[in-house]
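*Asks:* Got a predicted structure plus its sequence, pasted below:
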Amino acid sequence: MEYALTFEQYQKGLEQGEFLGLRCNGCDTFTFPPLGTCRNCSGTDLKVTQINGQGTVRTFTVIRVAPEGRRPPYVVAMVELEEGPSVMGNLVDINPDEADMGLIGRRVKLGSQMVQGDTYSPDDCRVITFSLVDRTH
Ligand SMILES: [Zn+2]
């Protein structure tokens with residue numbers, strides 16, 4: 001099977017501040033982060049599309065007991081992108097001890113950071129982060 005977008009291409013995009021996803025030619029749904037098939041119809045007729053990197057916090061949690069190699073506390077959020085998909089990542093640039101329910105519904109923009117490989121993922125890779133667009137509300 002040939003993939004429209006490889007993991008390497010996706011990583012390269014993140015490095016350059018581009019968020020490469022897939023748009024389904026069958027049902028028009030966006031898939032991000034990229035997968036082998038459309039997240040809606042499982043179709044494989046996909047084209048590479050840059051998403052605009054804006055979204056809304058739908059839910060979050062504060063990690064106080066972290067996996068090996070990670071330094072707590074930090075905030076993990078589920079963000080709904082403007083194009084539709086939900087993406088998980090760390091909410092950076094905020095004090096985790098001040099995180100409260102007021103975060104839900106806040107606008108964020110996507111970024112990325114390098115994380116070191118661990119027992120379960122041997123290679124370093126770039127992952128999605130979020131930062132608040134509007135600091136005051
Ligand atoms: Zn589809």
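*Replies:* Good, I have the coordinates.

*Asks:* Show me which residues of the protein sit near the ion.
*Replies:* The chain comes close to the ion at residues C24, G26, C27, T29, C38, N40, C41, G43, as judged by C-beta under 5 Å from the ion. (C-beta placed from N, C-alpha, C; glycine too.)

*Asks:* The first one: what's it in contact with?
*Replies:* What it means is C24. Shown in contact with C24 (C-beta atoms under 8 Å, 6 or more residues apart in numbering): F30, T31, C38, N40, C41, G43, D45, L46.

*Asks:* how close does the closest residue to V108 other than its chain neighbours get to the ion?
*Replies:* In this structure, V108 finds its nearest non-sequential neighbour in F130, 4.0 Å apart by C-beta to C-beta, 6 or more residues apart in numbering. Computed as C-beta to the ion, to the nearest Å, the F130 to the ion distance reads 26 Å.

*Asks:* Rebuild the residues of the chain next to the ion as JSON lines, extending it with secondary structure.
*Replies:* Converted to JSON lines, the residues of the chain next to the ion look like this (DSSP: H, G, I helix; E, B strand; the rest coil):
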{"residue": "C24", "secondary structure": "strand"}
{"residue": "G26", "secondary structure": "coil"}
{"residue": "C27", "secondary structure": "coil"}
{"residue": "T29", "secondary structure": "coil"}
{"residue": "C38", "secondary structure": "coil"}
{"residue": "N40", "secondary structure": "coil"}
{"residue": "C41", "secondary structure": "coil"}
{"residue": "G43", "secondary structure": "coil"}
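
*Asks:* Which members of these are classed as buried?
*Replies:* C24, T29, C38, G43 (16 or more other C-beta atoms under 10 Å).

*Asks:* Kindly export stretch 33-41 (C-alpha atoms) in CSV.
*Replies:* The C-alpha atoms that make up stretch 33-41 are tabulated as CSV, following Å, rounded to 0.1, in the frame of the first residue of the first chain:
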residue,chain,number,x,y,z
PRO,A,33,-2.6,13.6,12.5
PRO,A,34,-2.3,11.7,9.2
LEU,A,35,-3.4,8.0,9.1
GLY,A,36,-3.3,5.4,6.4
THR,A,37,-7.0,5.8,5.7
CYS,A,38,-9.8,8.4,6.1
ARG,A,39,-10.9,8.6,9.7
ASN,A,40,-14.5,8.9,8.6
CYS,A,41,-15.0,6.5,5.6
